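> Provided below for reference: sequence and predicted model.
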2 protein chains.
Amino acid sequence: MKLYYSPPSPYARKVRVAVLELGLADRVQEIETPVAPHKPNEALGLKNPFMKVPALETDEGMVLFNSPVICEYLDAKAGGNRLIPAHGDKHWKTLRRQALGDGVLDAGILRRYELAARPENLRWPEWLKGQQLKIDFALDVAEREAGGWGKSFDLGDIAIACALEWLDFRFANDDWRSRRPKLAAWLAQIATRPTMQKTKPHA
Amino acid sequence: MKLYYSPPSPYARKVRVAVLELGLADRVQEIETPVAPHKPNEALGLKNPFMKVPALETDEGMVLFNSPVICEYLDAKAGGNRLIPAHGDKHWKTLRRQALGDGVLDAGILRRYELAARPENLRWPEWLKGQQLKIDFALDVAEREAGGWGKSFDLGDIAIACALEWLDFRFANDDWRSRRPKLAAWLAQIATRPTMQKTKPHA
């Protein structure tokens, strides 16, 4: 399999952590691929029309995009029921927690594009505020729940941990921890996993 | 179950079509909920921290967000293997086609916010161009594949049909059909389904 990724992409990081956690590293070739929404990578577009990472090309030549689909595929390739509980309440809770992490990233990425890519005179404060509010609300939900986390490790943990460490990477001055001690303690523990250490974001 | 939706939302429409196709209409209460990224609906935020639709509150009080998760949940509630083939190549092809439709919407929604919500003097042409290119590439992929579609009906069909009809709804002057006759013919057929007719987007 071929994985198109970029070192700072938090969605690609989810997949890279999953590859390592699932023991699939020797079956997945990582291909570093630059992406930016205002500088379309048309070569990547031949694989993934959205010119985003991650994209996974399977051994059969099918290209999957969107990190949740790719992570589900890899989990199945590794036998299934590994990072995504196959059935029942645990299944939905894992997918819900993945969506919580991904949603933080969706809002965070839009803030990042607004602040780092868009020319300064075209920025819209209401947009930035609206996206930040989504992040704040989601982290508050995570804080309320984090006391019950940590008994197992699944795709929900990967998504939330990658989201939080990406916030630290791109918005290092935002202090999300002081009002959220349980979430901060949970991340401190997850961040020690070798698979998280090996995939730290960089520019 | 309670479904938070808005009449123009294409992601919510996917879920509403799924509810009808799965015969779950009498188990799902639809709650109309206004949303806009620059005017956060904080009441909805108590259910879904991202203040987006669709959000589904289950009978057990869990709130699911992101249309793919909700559609998977509803498919399971209806017995499973209905709109999402449970296993094998068909499973991944369905999820890939859903991601193709959703990706068109993700780019289209960002164009819509830029053109209809953001003040005119803050618009960024490179952003609009970059998002449109994603849509164009994705519709070209769909045109190449559409000749093989139509033997069954699944969540991939729902996602792509909702995406195309949303483009018609919001960007009525964009002529995506002329260079894509197979995709246009496919949509013309899908659009006649009662579940699509009953959920047409409106402002």
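Happy to help now that I have it. Numbering: from 1, shown residues only, chains lettered A, B, ... in the order given.

> I'd guessed A:Ser9 sits against A:Val35; true?
Yes. The pair A:Ser9 / A:Val35 is scored as a contact, 7.3 Å apart, by Cβ atoms under 8 Å. Any C-beta I mention is one placed from the backbone N, CA and C, and that applies to glycine too.

> shared neighbours of those two, anything?
A:Val53 (Cβ atoms under 8 Å, 6 or more residues apart in numbering or on different chains).

> between the two, which one's more packed in?
A:Ser9 (23 against 20; other Cβ atoms under 10 Å in any protein chain shown).

> Run a quick neighbour tally on the nearest residue to A:Leu100 once chain neighbours are set aside.
Leaving aside its sequence neighbours, A:Leu100 sits nearest to A:Ala138 (Cβ to Cβ, 6 or more residues apart in numbering or on different chains; 5.8 Å). For A:Ala138, the neighbour count with other Cβ under 10 Å is 28.

> roughly how far apart are A:Ala138 and A:Leu128?
Noted for A:Ala138: a distance of 16 Å to A:Leu128, by Cβ to Cβ, to the nearest Å.

> Then A:Asp168?
From A:Asp168 across to A:Leu128, the span is 19 Å (Cβ to Cβ).

> Look up which helix or strand the residue nearest to A:Leu100 falls in, please.
helix A:125-146 (DSSP states H and E).

> next SSE after that helix?
helix A:155-170.

> From the contact counts, what lies against the very next helix or strand once past that next one?
Going down the chain from helix A:155-170, the next helix or strand is helix A:181-190, by DSSP H and E. For helix A:181-190, the packing partners by 3 or more Cβ pairs under 8 Å, 6 or more residues apart in numbering or on different chains; DSSP states H and E come out as helix A:125-146, helix A:155-170.

> can you rerun that using 6 Å?
helix A:125-146 (3 or more Cβ pairs under 6 Å, 6 or more residues apart in numbering or on different chains; DSSP states H and E).

> Report the buried residues of stretch A:88-103.
A:91-103 (16 or more other Cβ atoms under 10 Å in any protein chain shown).

> Correction: the previous question concerned stretch A:138-148.
Applying 16+ other Cβ under 10 Å to stretch A:138-148 flags A:Ala138, A:Leu139, A:Asp140, A:Val141, A:Ala142, A:Glu143, A:Glu145, A:Ala146 as buried.

> Now do the domain split for chain A, please.
Per automatic domain parsing, the structural domains of chain A span A:2-77, A:88-194.

> so of those domains, which one's packed in deepest?
Mean neighbour count (mean count of other Cβ atoms under 10 Å in any protein chain shown) peaks for domain A:2-77 among these, with a mean of 20.

> so A:Glu57 sits right up against A:Val63, yeah?
Yes. With contact defined as Cβ atoms under 6 Å, A:Glu57 counts as touching A:Val63 (5.1 Å).

> how big is the angle separating the helix or strand where A:Ile109 lies from helix A:155-170?
Using DSSP H and E, A:Ile109 sits within helix A:88-112. With axes from the mean of the first three to the mean of the last three Cα atoms, to 10 degrees defining the directions, helix A:88-112 sits at 20 degrees from helix A:155-170.

> So what touches helix A:88-112?
Contact with helix A:88-112 is made by A:10, A:84-85, A:128, A:131, A:134-135, A:138, A:154-156, A:159-160, A:163, A:170, B:50, B:64-66, B:69, as judged by Cβ atoms under 6 Å, 6 or more residues apart in numbering or on different chains.

> got the CA coordinates for the helix or strand bottoming out on mean pLDDT in chain A in CSV?
In chain A, no helix or strand scores lower on mean pLDDT, DSSP states H and E than helix A:42-45, which sits at a mean of 94. Once non-C-alpha atoms are left out, helix A:42-45 reads as follows in CSV (Å, rounded to 0.1, in the frame of the first residue of the first chain):
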residue,chain,number,x,y,z
GLU,A,42,-2.4,18.5,-9.4
ALA,A,43,-0.1,15.5,-9.4
LEU,A,44,-1.7,14.3,-6.2
GLY,A,45,-5.1,15.1,-7.9
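
> Tell me which residues are up against that helix.
Contacts with helix A:42-45, where a contact means Cβ under 6 Å, 6+ apart, come from A:Thr33, A:Met51, B:Phe137.

> quick one: which of the residues you listed is nearest to B:Trp176?
The closest of these to B:Trp176 turns out to be B:Phe137 (Cβ to Cβ; 12.1 Å).

> near chain B, which residues of chain A?
A:37-38, A:40, A:45, A:49-50, A:64-66, A:69, A:95-96, A:99, A:103, A:118, A:122, A:124, A:126-127, A:130, A:133-134, A:137-138, A:141 (Cβ under 6 Å from any Cβ of the partner chain).

> Hmm, A:Leu20 is touching A:Thr195, no?
Yes. Contact criterion Cβ under 6 Å: A:Leu20 and A:Thr195 qualify, at 4.0 Å.

> Surely A:Lys3 forms part of a helix?
Rather than Lys, residue A:3 is Leu. No. Membership of A:Leu3 in a helix is not supported by DSSP: H, G, I helix; E, B strand; the rest coil, which gives strand.

> Show me what it bridges to in the sheet.
A:Glu30, A:Leu56 (DSSP bridges).

> State the three-state secondary structure for the closest residue to A:His202 other than its chain neighbours.
Among residues not flanking A:His202 along the chain, A:Pro7 sits closest, at 5.1 Å (Cβ to Cβ, 6+ apart). When classified by three-state DSSP, A:Pro7 comes out as coil.

> Backbone dihedrals for A:Pro7, please?
phi -60, psi -30 (degrees, to the nearest 10).

> still on that earlier bit, tell me who's in contact with the residue nearest to A:Leu100.
So A:Ala138 contacts A:Leu100, A:Gly103, A:Val104, B:Pro49 (Cβ under 6 Å, 6+ apart).
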